[in-house]
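In: Any chance you can model this:
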Amino acid sequence: MEIDLSACHDTISVIKSDLMTIEQQKQGFTPMAELKRIDSLLKTLDSRLNDFQQVLPRVDPRRGLLDVGGLVLKQIFGTATVADIHSIH
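Out: Residues are numbered from 1 along each chain as shown. Sure thing, here's the model as predicted:
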């Protein structure tokens, strides 16, 4: 299973950039404590996304080089191979 989290990381980067811009301008309507809290939450979210990505299963490059076992099972029992499943999707 492969999940692409790059969009989440990109969004976090954009929000962090916007937050830095607001901090630099030090606009009076935004309390600094609120900006620090948002920054802390973004760091936590980014960290949790990284932790989640580490837990995801990795694709084994050795798998599927020779799918002899799957082909034999398909011929004998009619089970689906990876190619069969991909053609369904």
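In: what helix or strand does the residue located most distally from the centre of the chain sit in?
Out: Within the chain, residue 76 marks the point farthest from the mean C-alpha position, 38.5 Å out by Cα atoms, centre = their mean. When elements are assigned from DSSP states H and E, residue 76 belongs to helix 68-77.
In: how far is the helix or strand following that helix from where the chain is centred?
Out: Where DSSP H and E defines the elements, the next helix or strand beyond helix 68-77 is helix 82-88. Helix 82-88 sits 24 Å away from the centroid of its parent chain (Cα atoms, centre = their mean, to the nearest Å).
In: This protein: helices as residue ranges?
Out: 6-25, 32-55, 68-77, 82-88 (DSSP state H).
In: can you redo these as CSV with mean pLDDT?
Out: Supplementary listing: those in CSV, determined by pLDDT from 0 to 100:
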stretch, mean pLDDT
helix 6-25, 83
helix 32-55, 85
helix 68-77, 76
helix 82-88, 75
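In: All set, thanks.
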